[in-house]
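Colleague: Just need the structure, nothing else, for what follows:
(one chain, ligands or ions: 2)
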Amino acid sequence: MKKSSLPLQSNIRPEKHKYSKESLTKLLRWHFGHSEFRGKQLETIEAVLSGKDCFCLMPTGGGKSVCYQIPALASNGMVLVVCPLIALMENQVMALKEKGISAEYLSSTQSTQAKNKIHEDLDSSKPTLRLLYVTPELIATSGFMAKLMKIYSRGLLNLIAIDEAHCISTWGHDFRPSYRKLSSLRSRLPNIPILALTATAVPKVQKDVIISLALENPLVLKSSFNRPNIYYEVRYKDLLDDPFADLCNQLKSSGDVCAIIYCLERAMCDQLSVYLAKHGISCAAYHAGLKNELRKSVLEDWISSKIQVVVATVAFGMGIDRKDVRVVCHFNIPKSMEAFYQESGRAGRDQLPSKSLLYYGIEDRRRMEFIIRNRSSADKKILPSSSSQEKQSEKSLTDFTQMVEYCEGSRCRRKQILESFGEQVPASICSRSCDACKHPNIVAAYLEELTTCAVRRNNSSSRIFVSRSNADDEDEFSEFWNLKDEASGSGEDISNSDDDTEVVKSLTRMKSLKKSGLNEKMALLERAEENYYQNKISVKQNDKHDKNSVSTSLRKASRERLENSLEQAQQRLGSTKIEVERYACFLEHECYEKYGRAGKSFYYSQVASTVRWLWTASSTELTNRLSIADNRCSEKNRELPALPSPSPVLDLPKLVMSNEEFCSSNLVLETSATKVAERKASPAVSLPSIPSFSEFVNGIKEKANQSNKSHGHSLNRDEKDPVKRGRLR
Ligand SMILES: Nc1ncnc2c1ncn2[C@@H]1O[C@H](COP(=O)(O)OP(=O)(O)OP(=O)(O)O)[C@@H](O)[C@H]1O
Ligand SMILES: [Mg+2]
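Modeller: Ligands and ions are numbered 1, 2, ... in the order given. Purely as a prediction, here's the structure:
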């Protein structure tokens, strides 16, 4: 159904018309059904209608399209819209046509017939087209440029809108080399106002966009990037029993809502989508590995609400306008804050309460670092090394570090996002609409547990890197670098004079930020460990009353805790038969060997790590680890370290075993039944609670100050005990 145009004035160029707010609002209501302009929409529209260049920064879903669609309706000529993706153009043109607005797009995917029809209209004496969407690649062709010049010389071109303008900058997260070619528009088509629009522009990118498009004294309109209707939350994979199940519960508890789940790899999209579907969630996978028809039908089904959840790679989303997306989940850490902001910003475009969930895992982090580093070295092989490339790879790592800070820090998530775009905001801006502000104690406790996990994984980190040694393999399965071909084909050097200092500054900033976060704790822990191994810690081995020493009762309790966990692992894995008591002795002994002398806090942590590992270990991992115990049996003469003197309260001489005793312990230990009975009957050996690393550090400080202050953690012990809490709720 075609609506008649509201009669407004003629050509906006060369005479610059003044449009009243009322007449423009009328257009907005008539064509789009919105009652008022939002944010900076009106200012932007007035600026371009008066012939000014304009740089418009609005948050995702802020309503940037209206800023060039209304000018197209306010005049008789045509607005040229440059878009990075065909799918994006298709969507917008379809939506405009449904509103009765004359809009078309030109792309390689169209039939010759469709293209000819558009060209006929453009060549006619009175073209009806109001908006013509094109890709930057088309602009670069001489044929299209000639056509454009003709339209221009006839006075029919009113405005050039560059959507997703950050794609022009190599500093932006979605750099498109073809966007660089837009720089000729200004010289070829002088006096036509250019409107650059983006939701993602750090100051450096803004500057780059303005220079690259040769905008003349542009009006720069910035809205806040804040998305107040989005609640931000990070969930920690390493602390979860089953991240798939957790996500499934999260989606179910939100109701049958529309969601996008982003994964790094195609295989993960398929796997997760199958899992969710099996558990009653209406969903489908979407990635570049699927056939075009299937992809198209998934997209159509999702847009028309036939399916509610799409599990996709980053190939899905730019410009997709489903307003009621309630949850955007990143199942793997994104590569940068910009990418995260863009993707999570697809939630709540209708301004209603929505959620951004990010599942953070230590292995995901390492993997992404690995990909970024390898991508950089792969690029170096393809392209001759240049300073701009080096800066680029440094930037990728710096960007990623910022994302890691977001996950590993306990600061307000919203504030972190906004500050990463150079926006200084008061702490009150969040009003408890992120997990760090809403549940600061819980987030702090999770991060402390994560520290312990990180230490444990540090010991086995090489496994991850060894198994992923070929960067090219990554690209086959992930759309992480989805614009890679284009990017690597471009040899343009676009370095700016101040790039070096900017990068150095931001790196320094990142380093100083790190100091306050998890890394500091890690460094502290590493130093403490180092000190221990260099015998700098004086452990009073013979002092029975040293509160920090590991008592025999503690060792026994730890062994029982490990027995419980081994029993649970056995149940979970089903097929694996484990000699629970024997291996619990072995695992406990490992913990003691490594940390016993450093004191009970380190020892506790190590036991807790082992318990957590047992919750998630696969059958093979478990078998591998326990086979070490069996191998040890052959080391007959190896001496175990001496235990500290037994506690006067509970003397358990049998707890300290030689290797031989250990190897035959399955024969001498009591039956499970008697042990369980004994365990129940013995109140003296209750399971120890595990102090966090910060509790440990605070404890030392307190001791030094001889203060009677309590620890100051508001979580009670039950909440902090990972065994009792078990997992993230
Ligand atoms: N003045 C307004 N009042 C109410 N809704 C509006 C207004 N302007 C735009 N919208 C709606 O806001 C939604 C987002 O608009 P649009 O797609 O233009 O956002 P965008 O800024 O281009 O987002 P993105 O950065 O994700 O591309 C659309 O559904 C649109 O209809
Ligand atoms: Mg848009």
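Colleague: Let me see the domain layout of this protein.
Modeller: Per automatic domain parsing, the structural domains of the chain span 21-222, 230-436, 471-515+546-681, 693-728.
Colleague: got the phi/psi numbers for whichever residue of the stretch 351-500 of the chain sits closest to ligand 1?
Modeller: As assessed by Cβ to the nearest ligand atom, ligand 1 sits closest to residue 351 within the stretch 351-500 of the chain, at 7.7 Å. Quick note: C-beta positions are derived from backbone N, CA and C, even for glycine. Here is the backbone geometry of residue 351 (degrees, to the nearest 10): phi 70, psi 10.
Colleague: Which is the succeeding secondary structure element to the regular element (helix or strand) spanning residue 375?
Modeller: Following DSSP states H and E, one finds residue 375 within helix 362-382. As assigned by DSSP H and E, the chain's next helix or strand after helix 362-382 is helix 387-408.
Colleague: Show me what counts as buried in that next one.
Modeller: Residues of helix 387-408 classed as buried by neighbour count (16 or more other Cβ atoms under 10 Å): 389, 391-393, 395-396, 398-408.
Colleague: Helix or strand next in line after that helix, which one?
Modeller: helix 413-420.
Colleague: Report the secondary structure state of residue 76.
Modeller: coil (DSSP: H, G, I helix; E, B strand; the rest coil).
Colleague: re earlier: and the domains of the chain, which one's lowest on average pLDDT?
Modeller: Of all the domains of the chain, domain 693-728 carries the lowest average pLDDT, namely a mean of 46.
Colleague: nearest spatial neighbour of residue 104, skipping sequence neighbours?
Modeller: Leaving aside its sequence neighbours, residue 104 sits nearest to residue 118 (Cβ to Cβ, 6 or more residues apart in numbering; 4.9 Å).
Colleague: Test my guess that the one you found contacts residue 128.
Modeller: No - the criterion here is Cβ atoms under 8 Å, and residue 118 misses it with residue 128 at 10.6 Å.
Colleague: hang on, isn't residue 290 packed against residue 297?
Modeller: No - Residue 290 is beyond contact range of residue 297, at 9.7 Å (criterion: Cβ under 8 Å).
Colleague: Of these two, give the one with the bigger neighbour count.
Modeller: Neighbour comparison, residue 290 and residue 297: the larger count goes to residue 290, with 19 against 15 (by other Cβ atoms under 10 Å).
Colleague: Find the residue closest to that one in space, skipping its chain neighbours.
Modeller: Excluding the flanking residues, the one nearest residue 290 by Cβ to Cβ, 6+ apart is residue 298, at 7.5 Å.
Colleague: For the one you found, give me its contacts.
Modeller: Shown in contact with residue 298 (Cβ atoms under 8 Å, 6 or more residues apart in numbering): 284-286, 290, 307, 310.
Colleague: check these against ligand 1, which are close?
Modeller: Under the cut-off given by Cβ under 6 Å from any ligand atom, ligand 1 has nothing from these close to it.
Colleague: circling back to that earlier point, ok, the residue nearest to residue 104 - contacts?
Modeller: The neighbours of residue 118, taking Cβ under 8 Å, 6+ apart as the test, are 104, 106, 129, 132.
Colleague: from what I can see the first one touches residue 129, true?
Modeller: In other words, residue 104. Yes - using Cβ under 8 Å, residue 104 is in contact with residue 129, at 6.0 Å.
Colleague: about what we covered before: from the contacts of residue 118, which two are the most distant?
Modeller: 106 and 129 (10.6 Å; Cβ to Cβ).
Colleague: would you list every one of the strands in the stretch 251-400 of the chain?
Modeller: For the stretch 251-400 of the chain, the strands defined by DSSP state E, counting those that start in this stretch occupy 258-262, 283-286, 309-312, 325-330, 354-360.
Colleague: Just name the most buried of those strands.
Modeller: Most buried of the strands of the stretch 251-400 of the chain, by mean neighbour count (mean count of other Cβ atoms under 10 Å): strand 309-312, with a mean of 27.
Colleague: Quickly run through the sheet partners of that strand, with directions.
Modeller: strand 258-262 (parallel), strand 283-286 (parallel) (DSSP bridges).
Colleague: what sits up against the last one?
Modeller: Same thing as strand 283-286. With Cβ under 8 Å, 6+ apart, strand 283-286 has contacts from 261, 266, 269-270, 272-273, 276-277, 295, 298-299, 301-302, 307-313, 315-316.
Colleague: at 7 Å what do you get?
Modeller: Defining contact as Cβ atoms under 7 Å, 6 or more residues apart in numbering, one finds that strand 283-286 is touched by 269-270, 273, 276-277, 295, 298-299, 301, 307-312, 316.
Colleague: cool, the first one as well?
Modeller: Contact with strand 258-262 is made by 251, 272, 308-312, 314, 316-317, 322, 324-331, 343, 346, as judged by Cβ under 7 Å, 6+ apart.
Colleague: and the angle from it to strand 354-360?
Modeller: Here strand 258-262 points in a direction 20 degrees away from that of strand 354-360 (axes from the mean of the first three to the mean of the last three Cα atoms, to 10 degrees).
Colleague: Can you give me the neighbour number for residue 568?
Modeller: 13.
Colleague: Kindly report the same for residue 628.
Modeller: Using other Cβ under 10 Å, residue 628 has 11 other residues around it.
Colleague: before we move on, which element is it in?
Modeller: helix 619-632.
Colleague: buried ones in that helix?
Modeller: Those would be 622, 625-626, 629, 632, for helix 619-632 by 16+ other Cβ under 10 Å.
Colleague: Closest one of the residues you listed to ligand 1?
Modeller: Among these, and counting by Cβ to the nearest ligand atom, the member closest to ligand 1 is residue 622, at 45.9 Å.
Colleague: hang on, isn't the closest one packed against residue 569?
Modeller: Yes - with contact defined as Cβ atoms under 7 Å, residue 622 counts as touching residue 569 (6.3 Å).
Colleague: Excluding chain neighbours, what is closest to residue 168?
Modeller: residue 179 (4.0 Å).
Colleague: can I assume that neighbour sits in a helix?
Modeller: Yes - membership of residue 179 in a helix is supported by three-state DSSP.
Colleague: what separates it from residue 188, distance-wise?
Modeller: Applying Cβ to Cβ, to the nearest Å, the value for residue 179 to residue 188 is 16 Å.
Colleague: Comparing these two, which residue is more hemmed in?
Modeller: Set residue 179 next to residue 188 and count neighbours by other Cβ under 10 Å: residue 179 wins out with 29 against 12.
Colleague: In contact with that one, which residues?
Modeller: Shown in contact with residue 179 (Cβ under 7 Å, 6+ apart): 136, 167-168.
Colleague: switch the cut-off to 8 Å
Modeller: Neighbours of residue 179 in contact, by Cβ under 8 Å, 6+ apart: 84, 136, 162, 165, 167-168, 212.
Colleague: With residue 253 instead?
Modeller: For residue 253, the contact set (Cβ under 8 Å, 6+ apart) is empty.
Colleague: how close does the spatially closest residue to residue 224 that is not a sequence neighbour get to residue 203?
Modeller: In this structure, residue 224 finds its nearest non-sequential neighbour in residue 423, 6.4 Å apart by Cβ to Cβ, 6+ apart. Going from residue 423 to residue 203 by Cβ to Cβ gives 10 Å.
Colleague: more neighbours, the two?
Modeller: Comparing residue 423 with residue 203 by other Cβ under 10 Å, the one with more neighbours is residue 423, at 14 against 11.
Colleague: got the residues of the chain near ligand 1?
Modeller: So the chain meets ligand 1 at 34, 37-38, 41, 58, 60-66, 199, 319, 321, 323, 345, 349 (Cβ under 6 Å from any ligand atom).
Colleague: Now for residue 107: which residues touch it?
Modeller: Per Cβ under 8 Å, 6+ apart, neighbours of residue 107: 86, 89, 134-135, 138.
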